[in-house]
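Peer 1: this one's structure only:
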Ligand SMILES: [Cu+2]
């Protein structure tokens, strides 16, 4: 039986509502000027040949979005409270972490139907697929473990503890190392693919998201920071919104940490928006896209100089990002405005906003 104290993200969302209200008041001046986001029809004509797969936490569903049309063209029921989604290397299957169902939900992308439901740990958060496409690595927030799923056998074959409250998980490009954020531990765990050779890197307080560069040499890590205290009202760190004042907002974490992926040593800190919790890197490794859910913006960092190049206002409580494999577009889910921001990843502009389901978070993109 599920304890009703659960889904951290529900509570995270609830906590954020009050925060977002205050924040939206604070930010009205700047967001209003950008609020005239062009409609999909006006800007998504032409060669926007992308399909988005967006998981909606409050709807237990997956929205399939045709970017050229600027709308949802299909909805697929997945598991309960789905958090994140990613493709396997051939793009034929989408793997969804369904938090409350405790499963990895496997969606056949062409049939748009659930092909398998693989039980994993408690509240699976994030999933990364091995480069060969044979294994999935799942972080389980409530059972503090990394589970390895054999995708052919469709079952968990191994698991190991990875500190408290594991969040984002990524695999190095060579498939040899799995990196998992341990939120309450304030660490990134680097684990060998055989689940041996564990190293723990200091990641500050309340880390949540990370990305590895395409050359496998550096990690970019961001998070909620120390505000609110761990085990507070959200139980997941960083979200006790008892007094969401401007000063509280200002003292929240804004740093993205750049680390050497082999040693964990810190190479730099980049100041982004408030609570930079989701990070993605362009396919050519030149740009880093940082989603800050406390200030409703995306910061684009030049990966070589580590200097911010642009700050883009997106929707409310942005919580997920996917970059197209051609590097031309970034798509950001906005959990509290129930839409996706379409970003020109070269020109660094928000092009359009597309409505999706309720509380969209994880997102994956496919070129058609
Ligand atoms: Cu946060």
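Peer 2: Happy to help now that I have it. Note that the structure is predicted; figures quoted are calculated from it, not measured.

Peer 1: quick one: residues contacting residue 80.
Peer 2: 60, 98, 99, 100, 101 (CB atoms under 8 Å, 6 or more residues apart in numbering). For the C-beta atoms, the positions are set from N, CA and C on the backbone; glycine is no exception.

Peer 1: actually, residue 140.
Peer 2: Here residue 140 is in contact with 120, 121, 122, 123, 124, 125, 146, 147, 166 (CB under 8 Å, 6+ apart).

Peer 1: looking at neighbours, which among those residues is most surrounded?
Peer 2: Highest neighbour count within the contacts of residue 140, by other CB atoms under 10 Å: residue 124, with 35 neighbours.

Peer 1: and it, its phi and psi?
Peer 2: As for residue 124, its main-chain torsions (degrees, to the nearest 10) stand at phi -60, psi 130.

Peer 1: and the helices in the stretch 1-150 of the chain?
Peer 2: 8-34, 40-43 (DSSP state H, counting those that start in this stretch).

Peer 1: rank these by mean pLDDT and give me the bottom one.
Peer 2: If you rank the helices of the stretch 1-150 of the chain by mean pLDDT, helix 8-34 sits at the bottom with a mean of 36.

Peer 1: buried set for the helix or strand that contains residue 341?
Peer 2: In this structure, residue 341 sits in strand 339-344 according to DSSP states H and E. Buried residues in strand 339-344, counted by 16 or more other CB atoms under 10 Å: 339, 340, 341, 342, 343.

Peer 1: farthest pair in these?
Peer 2: Comparing all pairs in the buried residues of strand 339-344 by CB to CB, the longest separation belongs to 339 and 343, at 12.8 Å.

Peer 1: ok, residue 291 - contacts?
Peer 2: With CB under 8 Å, 6+ apart, residue 291 has these contacts: 209, 276, 277, 278, 279, 298, 314, 318, 319, 320, 321, 332.

Peer 1: neighbour-wise, give me the winner out of the residues you listed.
Peer 2: Going by other CB under 10 Å, residue 276 tops the contacts of residue 291 with 32 neighbours.

Peer 1: tell me the bridge partners for it.
Peer 2: residue 292 (DSSP bridges).

Peer 1: next one: residue 71
Peer 2: Those that pair with residue 71 in a beta bridge, by DSSP bridges, are residue 66.

Peer 1: next, the residue lying closest to residue 271 once chain neighbours are set aside: phi, psi?
Peer 2: Leaving aside its chain neighbours, residue 271 sits nearest to residue 254 (5.1 Å; criterion: CB to CB, 6 or more residues apart in numbering). Phi and psi for residue 254, reported as degrees, to the nearest 10, are phi -120, psi 0.

Peer 1: count of neighbours near residue 254?
Peer 2: 21.

Peer 1: is it true that it touches residue 273?
Peer 2: Yes. Applying CB atoms under 8 Å as the test, residue 254 and residue 273 come out as touching, 6.6 Å apart.

Peer 1: who touches both of these two?
Peer 2: residue 292.

Peer 1: spatially central residue in the chain, please.
Peer 2: By CA atoms, centre = their mean, the chain has its centre lying nearest to residue 320, at 4.0 Å.

Peer 1: that residue: what's it in contact with?
Peer 2: With the criterion set at CB under 8 Å, 6+ apart, residue 320 makes contact with 54, 84, 278, 291, 332, 333, 360, 361, 362, 363.

Peer 1: neighbour-wise, which one of those residues leads?
Peer 2: Going by other CB under 10 Å, residue 360 tops the contacts of residue 320 with 34 neighbours.

Peer 1: so who does that residue touch?
Peer 2: 54-57, 63, 319-320, 333-335, 338-340 are the contacts of residue 360 under CB under 8 Å, 6+ apart.

Peer 1: the same query, at a cut-off of 10 Å, please.
Peer 2: By CB atoms under 10 Å, 6 or more residues apart in numbering, the contact list for residue 360 reads 52, 54-59, 61-63, 65, 82, 315, 317-320, 332-340.
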